[in-house]
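Q: using only what follows, build the 3D model:
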Amino acid sequence: MRPGKALLIRTYLFLLFLLAAVPAYCQRGTIGVDVGQVSDKFGALAPITAPDLGLNAQFTVIPAKDGSPNVVVGGEVRVSSDNAKHATEFAVFGGPLFPWGNFSAGFNVEIRKILLPSATVDNVVLNRFNMELLELPIVLKYKFGPGKRAFVQAQGEPEFTPRFRVSVASLNPVAHPNFDYGYTVRGSLGYIFGKWYAKGSYETRYFKFIANPNNPSNLYNWRSNLITGGVGLVF
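A: Down below sits the predicted model:
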């Protein structure tokens, strides 16, 4: 099966999983699509950009009551128009969100899979390992304006040591790289129009790996910047 076709099937299956996993007693949720541009820089290579598509969903499965938090679950898919040069990502998450008037704060336990592209330097191809990550993002949200329909949201987390998976395309000639540190920060500003919402988002992320033969030419070191605009359904 060609890699592009396999990726498309995987994306469809992931979306079906999200829809099937939504319990009938969900109190509130959103389903949306984000479109924008991603810029990736690996090691000392020049930055590369491409259009990016994101699909996301979030649902409240247990509403807040008597000081308890909302418990939310959800997931997202991110696919570039050129997955030969940019990463593809799948994530599922869940966690508590404590409301205090117009402000809410909480955290998620998130599982993310990142399919990294290969790199070609001096006619040598490096098939990077894919990464599976356990993430614990802190989530802050504030509602304001007429009817409290406008909102601003911030999310950030340090990255922990990934679990590395060999690419299905071919075996890597070296052992997996040694993780040093990483982080992800995301901010969004949006407005709810009845049953619909619109938002703009910016995300920056950085992964650094130790410079050694397992990280040739530092080509695993990865800085990514993503800016998107999105619309979605509120129910």
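
Q: isn't residue 197 right up against residue 235?
A: No. If you go by Cβ atoms under 8 Å, residue 197 and residue 235 don't touch, sitting 10.9 Å apart. Yep, even glycine has a C-beta here, placed from its N, CA and C like the rest.

Q: between the two, who's got more neighbours?
A: Ranked by neighbour count (other Cβ atoms under 10 Å), residue 197 and residue 235 place residue 197 first, with 18 against 10.

Q: in what helix or strand does the more buried one lie?
A: Counting by DSSP states H and E, the element that carries residue 197 is strand 196-209.

Q: give me the buried positions along that strand.
A: Buried residues in strand 196-209, defined by neighbour count with 16 or more other Cβ atoms under 10 Å: 197, 199, 201, 203-209.

Q: farthest pair within those?
A: Greatest spatial distance in the buried residues of strand 196-209: 197 and 209, 37.4 Å, computed using Cβ to Cβ.

Q: next SSE after the one helix or strand in the chain whose mean pLDDT sits lowest?
A: Using mean pLDDT, DSSP states H and E, the weakest-scoring helix or strand in the chain turns out to be helix 3-20, at a mean of 55. As assigned by DSSP H and E, the chain's next helix or strand after helix 3-20 is strand 28-42.

Q: so what does that next one touch, helix or strand wise?
A: In terms of contacts (3 or more Cβ pairs under 8 Å, 6 or more residues apart in numbering; DSSP states H and E), strand 28-42 is packed against strand 48-62, strand 196-209, strand 222-234.

Q: TSV please, covering those and showing mean pLDDT and distance to residue 29.
A: TSV is the format used below for the helices and strands packed on strand 28-42 (pLDDT from 0 to 100; distance: least, Cβ to Cβ, whole Å):
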stretch	mean pLDDT	distance to residue 29
strand 48-62	94	4
strand 196-209	98	12
strand 222-234	97	8
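
Q: nearest to residue 98, out of these?
A: Closest approach to residue 98 among the helices and strands packed on strand 28-42 is made by strand 48-62 (12.5 Å; Cβ to Cβ).

Q: any idea how far the following helix or strand past that closest one is from the chain center?
A: Using DSSP H and E, the helix or strand that follows strand 48-62 in sequence is strand 70-80. Centroid separation for strand 70-80 versus its chain: 8 Å, with Cα atoms, centre = their mean, to the nearest Å.

Q: and after strand 70-80, which helix or strand comes next?
A: Next helix or strand after strand 70-80 toward the C-terminus (DSSP H and E): strand 88-100.

Q: now do that next one: everything it contacts.
A: 7, 10-11, 14, 18, 61, 64, 69-80, 104-115, 135, 137, 139, 141 (Cβ atoms under 8 Å, 6 or more residues apart in numbering).

Q: now with 6 Å?
A: With contacts defined as Cβ atoms under 6 Å, 6 or more residues apart in numbering, strand 88-100 is touched by 14, 64, 69-79, 104-115.

Q: could you dump the buried residues of strand 196-209 into CSV with distance to residue 167 added?
A: Below are those laid out as CSV (distance: Cβ to Cβ, whole Å):
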residue, distance to residue 167
197, 37
199, 33
201, 29
203, 24
204, 25
205, 20
206, 22
207, 17
208, 21
209, 16
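
Q: which member of these is positioned nearest residue 48?
A: residue 205 (15.1 Å).

Q: got the contact list for that closest one?
A: Contacts for residue 205 (Cβ under 6 Å, 6+ apart) come out as 184, 224.

Q: try residue 58
A: Counting by Cβ under 6 Å, 6+ apart, residue 58 makes contact with 30, 72, 74.

Q: and for the last one, the neighbour number?
A: By that I understand residue 74. Per other Cβ under 10 Å, the neighbour tally for residue 74 reads 23.
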